[in-house]
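> make a model of this:
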Amino acid sequence: MNAAATTVPRPNTRDMLAIHQVFRDAFGCSPQLVGSVCNDASGNVETVAAYYANVLALLRAHHEGEDELVWPKLIERVPDQGDLVARMEAAHEGLATALVECESRLAAWIASPDIDHGASLAASLATLGVLCAAHFDEEERRILPLAENYFTVEEWAELPAHAMRTFAGDRLWLAIGLVREQMPPAAQAMQLEKMPPPVREMWLNGGSEQFEQFVADLRR
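Numbering: from 1, shown residues only. Next up, the predicted model:
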């Protein structure tokens, strides 16, 4: 029987567009956000730095989840798409290098948030954004339809669970809130229902308020 038999419930793989948009927005506005607080003696540098540190940590967790949970299954189940999957894996390697460079330049900017370090950081973030955009475009166009046909609902749900477990940032509520911003209300409600109980409790008992205050400070 074809693995894509229509009698099997299919996952909504388009939910990945929300997290992709988080990265598109974050890297796209890096020149404005970083540039606006260079040489700023207030706490705004810390806010922008925390934002990008957690966005980069989320990108790392997101791609590690795909490396572990998506590519091996597609190679096994859709072997005629091996070249495509290999190209996506190779893209992750290049993105990992660009991500490490962003982390290094972010650390340098935190230590000395002047215009030169800010320009270097903003350029690295913008470059990572361009690389991510090309990768996301192909992934949304070619990988998500394959995953919809060859993954179970339960298998696809392992991706966000993996990201929450492996996220190395210091503000999980920020990562959750940024993704939720990109979701329609019905998807937000479903996401909340499927959160691990400790994470849901964190979000409901202060996490959402911390997120709202943080983004208000970031975007003012």
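
> just the element for Gly177, please.
helix 172-181 (DSSP states H and E).

> quick one: buried residues of the very next helix or strand once past that helix?
Next in sequence after helix 172-181, counting helices and strands by DSSP H and E, comes helix 185-194. Neighbour-count burial for helix 185-194, counted by 16 or more other C-beta atoms under 10 Å, picks out Ala187, Gln191. Bear in mind the C-beta positions are built from the backbone N, C-alpha and C, glycine included.

> now stretch 98-108
Applying 16+ other C-beta under 10 Å to stretch 98-108 flags Ala98, Leu99, Glu101, Cys102, Glu103, Arg105, Leu106, Ala108 as buried.

> and what of stretch 168-188?
169, 171-180, 182-183, 187.

> okay, the most centrally placed residue in the chain: pLDDT?
Nearest to the mean C-alpha position of the chain, by C-alpha atoms, centre = their mean, lies Leu59 at 4.1 Å. In this model, Leu59 is scored at 98, pLDDT.

> after the host helix or strand of it, which helix or strand is next?
Assigned by DSSP H and E, Leu59 belongs to helix 44-69. For helix 44-69, the following helix or strand on the C-terminal side (DSSP H and E) is helix 71-77.

> centre of the chain versus that next one, how much separation?
A distance of 22 Å separates the centroid of the chain from that of helix 71-77, by C-alpha atoms, centre = their mean, to the nearest Å.

> same for that helix, what does it pack against?
helix 82-111, helix 144-150 (3 or more C-beta pairs under 8 Å, 6 or more residues apart in numbering; DSSP states H and E).

> and whatever helix or strand comes next after the first one, what other elements does it pack with?
Spelled out, that is helix 82-111. Later in the chain than helix 82-111, the nearest helix or strand by DSSP H and E is helix 115-138. If you count contacts as 3+ C-beta pairs under 8 Å, 6+ apart, helix 115-138 packs onto helix 16-28, helix 30-37, helix 44-69, helix 82-111.

> so for the shortest one, mean pLDDT?
Helix 30-37 shows a mean pLDDT of 92.

> can you list contacts of that helix?
For helix 30-37, contacts defined as C-beta atoms under 8 Å, 6 or more residues apart in numbering pick out 44-45, 47-48, 51-52, 109, 113, 115, 118-119, 121-122, 125-126, 129, 218.

> and those, which are buried?
For the contacts of helix 30-37, a burial check counting by 16+ other C-beta under 10 Å picks out 44-45, 47-48, 51-52, 109, 113, 118-119, 121-122, 125-126, 129, 218.

> so where's the protein shaky on pLDDT?
1-6, 41-42 (pLDDT under 70).

> how about stretch 207-220: buried residues?
Buried-residue list, stretch 207-220, by 16+ other C-beta under 10 Å: Gly207, Ser208, Phe211, Phe214, Val215, Leu218.

> burial check on the spatially closest residue to Gly118 that is not a sequence neighbour, number of neighbours?
Closest residue to Gly118 in three dimensions, ignoring its sequence neighbours and counting by C-beta to C-beta, 6 or more residues apart in numbering: Cys38, at 3.9 Å. For Cys38, the count of nearby residues is 19 (other C-beta atoms under 10 Å).
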